[in-house]
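Colleague: give the three-dimensional model of this entry:
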Amino acid sequence: MKIGIVVDATCDLPASFIARHGICILPIAIRLGEDVLVDQRDVEQTEQFYLRDLRERGVDAESVPYTAEQIEAVFLERLVVDHDLVFCITISGKHSPIFDHASRASFGILRKYKAVREQAGVAGPFHMRVLDSRTLFAGAGVLVAEAVAMIDAGAAPNQIRLRLDGLIPELCGYMVPADLRYIRERGFHKGERRTWADAGRAAVLTLGAALSLRPIIRIWRGEESVVATGFSHAKSVERLFRHLARTMDSGGLSAPHLCISYAGDVAEVPQMPGWESMMASAAGAGVEVHLATMSATGAVNVGLGCLYAAFAGSPGSP
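Modeller: Below is the predicted model:
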């Protein structure tokens, strides 16, 4: 059985990993004033976006994910012929309509695939499963990395499905933003400050920016919370790396993958404090570290210089 993986453009994994495993990307359009950038994780395009557009036009940008009809077209054009089963893994449905769009598209795909496969001379049924990762960015990368490992090991489709379903509640992401004013302005622009909790978070971001504090924000089971703060971006990153190292040293990961993405030049990340000791812990625990550039879509929402790290396991406290 030929098994494939489809993700949306916000799934942060290295370009080499995506290409090597034939992972299909669902693009996301980003409106920047009168211009439109189609985020499909193209390396050069993303680098140019960081250099030219993010700082000045990112706050007012609007992301437009594929519709159900567009997703259906992607599957029927090639995926239902190239694969017998496809896992479609999306960003949290709480933050994006992509999961809903893919779920709706699946009905049309499963109704129409037979004619497409027959015309291409491909026998047998086609199956697909749409998964809401309930996480963001590098968090979805952890789920994909485990799916790839199981496919490569020859695991049965039902084993893969059960494993991914079991990992989703354990996906834990940590974000260290560099520009709190950007996040605050971005939130107001999107109209996300609607409750007292949102207003409180806005106040925290404003105060943090004024005092040069940088929070560590945990994303777990669809919820976001500030779990620690540092007196600078570097201090918060170091604290996060120490937490990741302790978690791996104690055997706290449920899958041997640590995914990290950065909204900027990833060559800067290994120079950050705490990186080397964290990598030593990963090597000792047999954990594979995937370092990737954050997608343009992700960076639009969190700003330049944001670091995101994710794993499956017990979240703990940095």
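Colleague: quick check, V38 in a strand?
Modeller: Yes - V38: assigned to a strand according to DSSP: H, G, I helix; E, B strand; the rest coil.
Colleague: residues in contact with it?
Modeller: P27, I28, A29, I30 (C-beta atoms under 8 Å, 6 or more residues apart in numbering). The way it works is simple: take the backbone N, C-alpha and C, and place the C-beta from them, glycine included.
Colleague: how about V227?
Modeller: Applying C-beta under 8 Å, 6+ apart, the residues near V227 are Y174, I216, I217, R218, S317, P318.
Colleague: partner strands of the helix or strand that contains it, with direction?
Modeller: In the assignment (DSSP states H and E), V227 maps to strand 223-230. Sheet pairing of strand 223-230 (DSSP bridges) gives strand 214-220 (antiparallel).
Colleague: include secondary structure and distance to A245 when you put the contacts of V38 into TSV, please.
Modeller: Shown next, in TSV, are the contacts of V38 (DSSP: H, G, I helix; E, B strand; the rest coil; distance: C-beta to C-beta, whole Å):
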residue	secondary structure	distance to A245
P27	coil	36
I28	strand	33
A29	strand	39
I30	strand	35
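Colleague: return the members of these classed as buried.
Modeller: Among the contacts of V38, those classed as buried by 16 or more other C-beta atoms under 10 Å are P27, I28, A29, I30.
Colleague: got TSV for those residues, with pLDDT and distance to K235 too?
Modeller: TSV is the format used below for these (pLDDT from 0 to 100; distance: C-beta to C-beta, whole Å):
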residue	pLDDT	distance to K235
P27	96	37
I28	97	33
A29	96	37
I30	94	32
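Colleague: in CSV, list those along with distance to T297.
Modeller: Formatted as CSV, the buried ones among the contacts of V38 follow (distance: C-beta to C-beta, whole Å):
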residue, distance to T297
P27, 9
I28, 5
A29, 9
I30, 6
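Colleague: which one of the residues you listed is nearest to S232?
Modeller: S232 lies nearest to I30 out of the buried ones among the contacts of V38, by C-beta to C-beta, at 29.7 Å.
Colleague: for that closest one, give me its contacts.
Modeller: Contacts of I30 by C-beta under 8 Å, 6+ apart are V36, L37, V38, D39, A61, E62, S63, V64, A296, T297, V300.
Colleague: tell me what it is bridged to.
Modeller: L37, S63.
Colleague: buried ones in stretch 262-278?
Modeller: In stretch 262-278, counting by 16+ other C-beta under 10 Å, buried: Y262, A263, G264, V269, M272, G274, W275, M278.
Colleague: can you read off the pLDDT for the nearest residue to the fourth one once chain neighbours are set aside?
Modeller: Right, V269. Closest residue to V269 apart from its sequence neighbours, by C-beta to C-beta, 6 or more residues apart in numbering: Y262 at 5.1 Å. Listed pLDDT for Y262 reads 98.
Colleague: is it correct that Y262 is in contact with T293?
Modeller: Yes - between Y262 and T293 there is a contact under C-beta atoms under 8 Å: 6.6 Å.
Colleague: from the contacts of V227, which shows the smallest pLDDT?
Modeller: S317 (83).
Colleague: that one: which element?
Modeller: Counting by DSSP H and E, S317 is found in no helix or strand.
Colleague: and it, how far from R218?
Modeller: 9 Å (C-beta to C-beta, to the nearest Å).
Colleague: and the longest helix anywhere in the chain, what does it pack onto?
Modeller: In the chain, with assignment by DSSP state H, the single longest helix is helix 98-119. With contacts defined as 3 or more C-beta pairs under 8 Å, 6 or more residues apart in numbering; DSSP states H and E, the packing partners of helix 98-119 are helix 68-74, helix 80-82, strand 85-90, strand 127-132.
Colleague: out of the ones you listed, flag the one nearest L13.
Modeller: strand 85-90 (10.9 Å).
Colleague: could you give the angle of that closest one to helix 98-119?
Modeller: Calculated by axes from the mean of the first three to the mean of the last three C-alpha atoms, to 10 degrees, strand 85-90 forms an angle of 160 degrees with helix 98-119.
Colleague: ok now strand 85-90, how far from the chain's centre?
Modeller: Here strand 85-90 is found 14 Å from its chain centre; the criterion is C-alpha atoms, centre = their mean, to the nearest Å.
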